[in-house]
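Q: Sequence and predicted structure, then a few things I'm wondering about:
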Amino acid sequence: MKINWTRVGSIASMGAAVAAPVLLAAVPAFAAGANVSQVTAPILATLKSGGVAVAGLGTAGGGFMTAYHALARNLNDDPQAVAHHTASIKKVLVGTAIIAGSGLLASVAGTIL
């Protein structure tokens, strides 16, 4: 199996984009002498609600994109356009699964922690 390093890099950059605000909020509070529960409770609540929002919006957006490409595929007679929309449906489904999975994973992590 060949690893798609572009996709790995984009997933890593999404993780860094999520982790950076958490660190920027937590480090100054710990440096000021705050309790762990005072700092982590709002961060975890935000992580949990944000995970649910990302999963919900990503799933709905993926559904709309899939419906668009399915409709465009059915309305086209050109074989190249049909092949393009079929490939696009597959890409959208993979992206939707990644977004929904990462959002739900963030929500579960916020619930467990």
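A: That came through, no problem.
Q: Give the other helices and strands that the helix or strand hosting residue 93 contacts.
A: If you go by DSSP states H and E, residue 93 is part of helix 79-112. Secondary structure elements in contact with helix 79-112, counted by 3 or more Cβ pairs under 8 Å, 6 or more residues apart in numbering; DSSP states H and E, are helix 5-31, helix 36-75. For glycine as for every other residue, the C-beta is placed from the backbone atoms N, C-alpha and C.
Q: Could you list the buried residues of it?
A: Of the residues in helix 79-112, 85, 88-89, 92, 96, 98-100, 102-104, 106-107, 110 count as buried by neighbour count, 16 or more other Cβ atoms under 10 Å.
Q: where does this protein dip in pLDDT?
A: Residues of the chain meeting the criterion pLDDT under 70: 1, 3-27, 29-40, 110-113.
Q: hmm, try it at 50
A: For the chain, applying pLDDT under 50 flags no range at all.
Q: check contacts around the nearest residue to residue 63 once chain neighbours are set aside.
A: Sequence neighbours aside, residue 96 is the residue nearest to residue 63 in space, at 7.5 Å (criterion: Cβ to Cβ, 6 or more residues apart in numbering). The neighbours of residue 96, taking Cβ atoms under 8 Å, 6 or more residues apart in numbering as the test, are 58, 59, 61, 62, 63, 65, 66.
Q: Also residue 101?
A: For residue 101, the contact set (Cβ under 8 Å, 6+ apart) is empty.
Q: roughly how far apart are it and residue 108?
A: The gap separating residue 101 from residue 108 is 10 Å, by Cβ to Cβ, to the nearest Å.
Q: repeat for residue 99
A: Here the criterion is Cβ to Cβ. By it, residue 99 lies 15 Å from residue 108.
Q: OK, contacts around residue 109?
A: 47, 51.
Q: what's the burial count for residue 64?
A: For residue 64, the neighbour count with other Cβ atoms under 10 Å is 11.
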